[in-house]
Each structure stands twice: as C-alpha cells, then as structure tokens.
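A.B. asks: prediction below, plus the sequence it came from.
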Amino acid sequence: MSDREIRYSLEIENGIYDETNSEYELIDCSDRLICAEHRSAQGAKDKLISIAQSFGGNCVKDVKVKPFERNSIGFSIQMYEATGKVCLAAKKDDNGEYSRSDLENMLSHYEIDRYVKNQSNSRKMSFVLKVIGVILFCIFTVGFLMSN
C-alpha cells in the first residue's frame, strides 16, 4: 500500500500535540510561534488552539504557558501567555476521510506568517505610540512651565 492510499482521521483529543503519543502522525507543522493571552492558563491554551484551527491546523505543538501581570491605572491583573506552533496531526484510519496529499495542503503557512508579522507590528507600533506620548507630555510640560 502506498502513502497515497493510506487514509487519515483528524480527530485529536485536546488540541495539544504530544510527541510521545505514537498513534498520531505529524503531517505538517509551522516553524513560527503564535501566542495568545487570557486570564487563565487553560483559557490561553484554548485560545491558542482556536487560532490554530483558523489556520487549518488541528493541534498546537511545543506549548508553553507563562504568567505575567498586565498593569493598568491603579491595579494589575494576573494574565497568562501561551505560545506554540500550529500543527496538523492525524491518526491512520481505514475509514478516514482524508489522504496524505489532502492533508499536506490544509495548513496555511502564508496566513500564519502574516498573523505573526501583524502581531509583531502591533507590538512595535504600541511601543512607538507610548514613546510619542512621553515626548508630547514632556513638550507640553516644558511649555507650561515656561509660560508662567
């Protein structure tokens, strides 16, 4: 039986790819890390899996969750950031509805790269806006002090 005749099923239990589980075969994986933030660790993982599914993947590999504090005026919130790689893993199944050639083209690497680039640009622009705000504050403060 050749690779083209083997059928696959896409069901995966929790959306997290575990390399020690030998019943799933990794078909395709992105090399770019995506990230998601949420108030709970499980919520961050779920959001990451949801983002992966929007790109044609069915699981996330190399998931890492780290806590951080998001500060606001007067209080801070405990948040979690989950990072991982979008993957497509499948289980060999005689009654599966996909062939390997079907699965190899399901993951949209272009969309993943565009998403990561947009996230990076968003973070850079946020920093630039903060710097511009500080500069304007300094200019207005100096102007106010010199007018008196």
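C.D. replies: Noted; the coordinates are in hand. Numbers count the residues shown, from 1 in each chain.
A.B. asks: my guess is residue 122 is in a helix, correct?
C.D. replies: Yes. Read with DSSP: H, G, I helix; E, B strand; the rest coil, residue 122 is one of the residues of a helix.
A.B. asks: quick one: low-confidence residue ranges for this protein.
C.D. replies: For the chain, the stretches with pLDDT under 70 are 1-4.
A.B. asks: let's see 90
C.D. replies: 1-28, 56-58, 70-76, 89-107, 123, 146-148 (pLDDT under 90).
A.B. asks: and the strands in it, which stretches?
C.D. replies: 7-9, 24-38, 59-72, 75-92, 98-99 (DSSP state E).
A.B. asks: now residue 83: closest residue in space, sequence neighbours ignored.
C.D. replies: residue 35 (4.5 Å; C-beta to C-beta, 6 or more residues apart in numbering). Bear in mind the C-beta positions are built from the backbone N, C-alpha and C, glycine included.
A.B. asks: mind listing what the one you found touches?
C.D. replies: 48, 81-83, 119 (C-beta atoms under 8 Å, 6 or more residues apart in numbering).
A.B. asks: which one of these is nearest to residue 42?
C.D. replies: Proximity of these to residue 42 (C-beta to C-beta) peaks at residue 82, which lies at 9.4 Å.
A.B. asks: which residues sit in contact with that closest one?
C.D. replies: Applying C-beta under 8 Å, 6+ apart, the residues near residue 82 are 35-38, 41, 44-45, 47-48, 63-65.
A.B. asks: near the nearest residue to it once chain neighbours are set aside, how many other residues are there?
C.D. replies: Distances taken as C-beta to C-beta, 6+ apart put residue 44 closest to residue 82, at 3.8 Å, once the chain neighbours are dropped. Close neighbours of residue 44, defined as other C-beta atoms under 10 Å, add up to 23.
A.B. asks: roughly how far does residue 44 sit from residue 50?
C.D. replies: Going from residue 44 to residue 50 by C-beta to C-beta, to the nearest Å gives 11 Å.
A.B. asks: residue 82 now?
C.D. replies: 11 Å.
A.B. asks: do residue 108 as well
C.D. replies: Separation of residue 108 from residue 50 (C-beta to C-beta): 15 Å.
A.B. asks: same check, this time on residue 30
C.D. replies: 16 Å.
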